[in-house]
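Participant: Need a 3D model of the sequence below.
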Amino acid sequence: MGVARVLVIGGGIAGTATALALHKAGLEAVVHEAHPDSAEDIGAFLTLASNGMRALAQLDASAAVTAIGFPLTSLRVLDDTGTEQAHAPMGEVSDPLLQYRCLRRGDLNTALQAEARRRGVPVRHGARLASVEDGPDGVTARFTDGTTATGDLLIGADGLNSAVRRSVSPGTQPCYAGQYVFYGYTRSASPPGTDACITMVRGSGAAFGYAVSPDGEAYWFARVTGDPLPAEELAQGTPADWRELLLPLLRKDTTPAADLVAATGDELLVTNATEIPTGTPWRSGRTLLIGDAAHAASPATGQGASMALADAVVLAKSLRDAPDPDSALALYETLRRPRVEHNTTVSGNISRGTPSSSAASRPSDEDLARLLEWGGNLWAERQVEKGY
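Facilitator: Predicted coordinates for the structure are as follows:
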């Protein structure tokens, strides 16, 4: 295969899951993370969909994640009067390991990194990338503290503002996806709903969603269409500022949204939704981008973390199964690009309020389940599909 040691830049969800997957595939992986600890993004929460939970199961990491957060088994939709329009099961409800799960991003990072350490996968904190040097016999990462690391491949899993992307696709920059997004938590309001349910509110001024944990904490988000919030405002704003900005949009309606936001204290943040344009390069020489570094999407579909987890499994299997590194990276891109770019397009269209083209067909869940199944040989299956 020609790959023994892999440098993973970024110790978030994508990077740590990739290291776990590579370790399972028999490769040596070392994670280099710029932040000094494992929970640098504790404020925001996320939902892992069934595809993300399926990827975790293939990594034998389900237990580490089901120990945190809480399951979501149904979806309820309200209109701007608070009237229920729909309530239906969501995801693969019958299998506890594949049920949707709501959890804080920082908690997920911490759990995955703890699992990596338990398996003997090194995670080096405080390692901020300065540059990447690709050579005939390996690739070298140079860090701002003067240290270096060399491997057979380098995986850029360092998120939206990826430093690795500068060496792969220096002209690629994240762009605004049409909405700014609030996240918050409160124990001071008790919105109506049922257990293990996420409620989506089609408000007149904002798209709103909430779920209540078993111990009574409400997790909520709001997506507001408009011009991006200025960087200075994002940097200097306070939770009180964000409540003042959001509440007038929610009070137009008779839904639980305004009461939830009004009851939220300091656990409230806002960010501009951004995305990486589709069709941009993912790899150059011995370097590959994955997760948000390659294909960040607006949060409208809630698929960012799940896509990253699936990336990890498909990449490790491609390196395990293909005859050489170049073939492996090409196989990985062939298998992943259609699904992740479909998600980026659909999610961006939701954020911008534009219809998705019917021509943009979604890769099937059955195909994804087959790709993620650890026992399957991706290279052999691909050759059969091509008629070889």
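Participant: can you pull the buried residues of the helix or strand where F221 lies?
Facilitator: Remark: F221 resides in strand 218-225, with elements defined by DSSP states H and E. Buried residues in strand 218-225, counted by 16 or more other C-beta atoms under 10 Å: A218, Y219, W220, F221, A222, R223, V224. C-beta here means a position set from N, CA and C on the backbone, and glycine is covered the same way.
Participant: For the first one, name its beta-bridge partners.
Facilitator: Each beta-bridge partner of A218 is listed here: T186, V212, as defined by DSSP bridges.
Participant: quick one: it from F45, how far?
Facilitator: To F45, A218 is 11 Å away according to C-beta to C-beta, to the nearest Å.
Participant: tell me the phi and psi of the closest residue in space to A258 that isn't next to it in sequence?
Facilitator: What sits nearest to A258 in space, not counting adjacent residues and going by C-beta to C-beta, 6 or more residues apart in numbering, is L250, at 4.0 Å. Backbone dihedrals for L250, given as degrees, to the nearest 10, come out at phi -90, psi -30.
Participant: Verify the stated contact: L250 with V224.
Facilitator: No. Counting by C-beta atoms under 8 Å, L250 stays clear of V224, with 9.8 Å between them.
Participant: Mutual contacts of these two, please.
Facilitator: Between them, L250 and V224 share these contacting residues under C-beta atoms under 8 Å, 6 or more residues apart in numbering: G205, A206.
Participant: Nearest to R117 among the buried residues of strand 218-225?
Facilitator: Using C-beta to C-beta, Y219 is the member of these that lies nearest R117, at 27.5 Å.
Participant: Look up how far E366 lies from that closest one.
Facilitator: Distance, Y219 to E366, using C-beta to C-beta: 31 Å.
Participant: Could I get the full set of helices for the stretch 201-350 of the chain?
Facilitator: Counting by DSSP state H, counting those that start in this stretch, the segments of the stretch 201-350 of the chain that form helices are 231-236, 239-250, 257-262, 292-295, 304-321, 325-352.
Participant: Give the residue spans of this structure that score low on pLDDT.
Facilitator: Regions of the chain meeting the criterion pLDDT under 70 cover residues 1, 38-43, 356-363, 387-388.
Participant: how about 50 then?
Facilitator: In the predicted model of the chain, residues 1, 39, 358-359 satisfy pLDDT under 50.
Participant: Per the annotation, how does it divide into domains?
Facilitator: 5-68+103-174+276-385, 176-274 (automatic domain parsing).
Participant: Quick one: closest of those to H87.
Facilitator: For these, the distance to H87 is smallest for domain 176-274, at 7.7 Å, taking C-beta to C-beta.
Participant: burial measure for L247, as a count.
Facilitator: Using other C-beta atoms under 10 Å, L247 has 14 other residues around it.
Participant: quick one: contacts for it?
Facilitator: Applying C-beta under 8 Å, 6+ apart as the definition, the contact partners of L247 turn out to be A258, V261, A262.
Participant: Now with 10 Å, please.
Facilitator: If you count contacts by C-beta atoms under 10 Å, 6 or more residues apart in numbering, L247 has them with A257, A258, D259, V261, A262.
Participant: nearest to A88, of the domains of the chain?
Facilitator: Among those, the nearest to A88 by C-beta to C-beta is domain 176-274 (10.3 Å).
Participant: So what would you say the end-to-end distance of the closest one is?
Facilitator: 4 Å (C-alpha to C-alpha, to the nearest Å).
Participant: go on, stretch 193-209?
Facilitator: End-to-end for stretch 193-209, by C-alpha to C-alpha: 12 Å.
Participant: What are the buried residues along it?
Facilitator: Neighbour count says stretch 193-209 has 193, 196-201, 203, 205-209 buried, by 16+ other C-beta under 10 Å.
Participant: of the residues you listed, closest to A300?
Facilitator: Taking C-beta to C-beta as the measure, A300 sits nearest to A207 out of the buried residues of stretch 193-209, at 7.8 Å.
Participant: the helices in the stretch 1-150 of the chain, which residues?
Facilitator: Along the stretch 1-150 of the chain, the stretches classed as helices by DSSP H, counting those that start in this stretch are 13-24, 50-58, 62-66, 105-118.
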